[in-house]
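compute the structure for the input listed below.
(chains A and B)
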Amino acid sequence: KQEVTQIPAALSVPEGENLVLNCSFTDSAIYNLQWFRQDPGKGLTSLLLIQSSQREQTSGRLNASLDKSSGRSTLYIAASQPGDSATYLCAVRRSGNTPLVFGKGTRLSVIA
Amino acid sequence: GAVVSQHPSRVICKSGTSVKIECRSLDFQATTMFWYRQFPKQSLMLMATSNEGSKATYEQGVEKDKFLINHASLTLSTLTVTSAHPEDSSFYICSARSGLVGGETQYFGPGTRLLVL
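Numbering: from 1, shown residues only, chains lettered A, B, ... in the order given. Predicted structure coming up:
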C-alpha cells in the first residue's frame, strides 16, 4: 500500500527566505505526483503536477522536482511571502484510473 | 479549469440524525467521483470511489451502511452520513474526474465541515 510522508510537519520562516518542502513515497510505481495548497478550513488548490516521465515543473516562484526511482519529490518556494502561509500537501497516483494518495502535509508560516 | 462545488459548506447536526452532502461538477461530466475525509491536522483519507451508475467502492475500514454514496448522474454525487455521531465530525471533500482521454486530473470541491453535537 502506498504511503506518502512529508517532512517537516511544520515550518516557520521569515519573509523572503527560500525554502524546500520534502515528500517521499514508498511505491515508486507512480503515474504522477501533485502538490496542493490548502488554506485553513478550505479546499485544495492544485499548484504543480509532475508526470512520472518528468523531472520537474515550475510555476512562478514554485519549483517541484521528482526523483521517481528514489521515491522523492521536493517543492521549492523562492522568496517566500506571508501569503504563502498554508498547508502544502503532496499526493501521488498509481495510475490514471486510481485516486490520489495524500501525505499529511507541511504547515508553512511565513512571518513578515 | 474545471469547477466542483459542494453543498452545504458547513453543517451542524444533532447526534443520531442523517446529513446529506452534495458534490457537483459544474462544467464537465464526472464519470468518477471520490470522497475524502480530513480530520484536524491530518491528511485527506480516501473513503470511497464512485462511478456513475455503479455502486461505490469503499476503502477498508469505511462502513458502507453508514456512509451512503449515490452517483446517479454524471454531474452529481451525494454522501449521506447516517445516524451521525460526534466522531463523524470532520471535513469532507469530494473530488471529480472526467472520463475523457487524458482526463485523469482530479478536481476538488471546497469541502464540507460537519459538526455533530
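
how far away from the center of its chain is the helix or strand bottoming out on mean pLDDT in chain A?
Counting by mean pLDDT, DSSP states H and E, chain A has its least confident helix or strand at strand A:44-51, which shows a mean of 92. The chain centre lies 8 Å from the centre of strand A:44-51; the measure is C-alpha atoms, centre = their mean, to the nearest Å.

run through who's touching it.
Outside strand A:44-51, the residues within contact range by C-beta atoms under 8 Å, 6 or more residues apart in numbering or on different chains are A:31-39, A:56-59, A:62, A:64-66, A:73, A:75, A:88-89, B:1, B:44, B:93, B:105, B:108. Where you see a C-beta, it was placed from the backbone N, CA and C, and this is true even at glycine.

in its sheet, what does that strand sit against?
strand A:32-38 (antiparallel) (DSSP bridges).

picking that back up, turn the buried ones among the contacts of strand A:44-51 into a named PyMOL selection, would you?
Here is the PyMOL command that picks out the buried ones among the contacts of strand A:44-51, judged by 16 or more other C-beta atoms under 10 Å in any protein chain shown:
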select buried, (chain A and resi 31+32+33+34+35+36+37+38+57+62+64+65+66+73+75+88+89) or (chain B and resi 44+93+105+108)
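
sort out for me which of the contacts of strand A:44-51 are in strands.
Among the contacts of strand A:44-51, the members found in strands (DSSP state E) are A:32-38, A:56-59, A:62, A:64-66, A:73, A:75, A:88-89, B:44, B:93, B:108.

identify each buried residue in the least confident helix or strand of chain A, please.
Across strand A:44-51, burial judged by 16+ other C-beta under 10 Å covers A:44, A:47, A:48, A:49, A:50.

number of residues surrounding residue B:94?
31 (other C-beta atoms under 10 Å in any protein chain shown).

next up, the contacts around it.
Contact partners of residue B:94, counting by C-beta under 8 Å, 6+ apart, are B:4, B:6, B:21, B:23, B:33, B:34, B:35, B:36, B:77, B:79, B:108, B:109.

how about residues contacting the one helix or strand residue A:108 maps to?
Per DSSP states H and E: residue A:108 is located in strand A:106-111. Contact partners of strand A:106-111, identified using C-beta under 8 Å, 6+ apart, comprise A:6-15, A:17, A:19, A:21-22, A:77, A:80-88, B:41.

around chain B, which positions in chain A sit nearby?
A:4, A:31-32, A:36, A:41-44, A:46, A:49, A:89, A:91, A:93, A:96-97, A:99-105, A:107 (C-beta under 8 Å from any C-beta of the partner chain).

how about residues contacting stretch A:59-68?
Contact with stretch A:59-68 is made by A:28, A:30, A:33, A:35, A:47-48, A:50, A:52, A:54-58, A:72-79, as judged by C-beta under 8 Å, 6+ apart.
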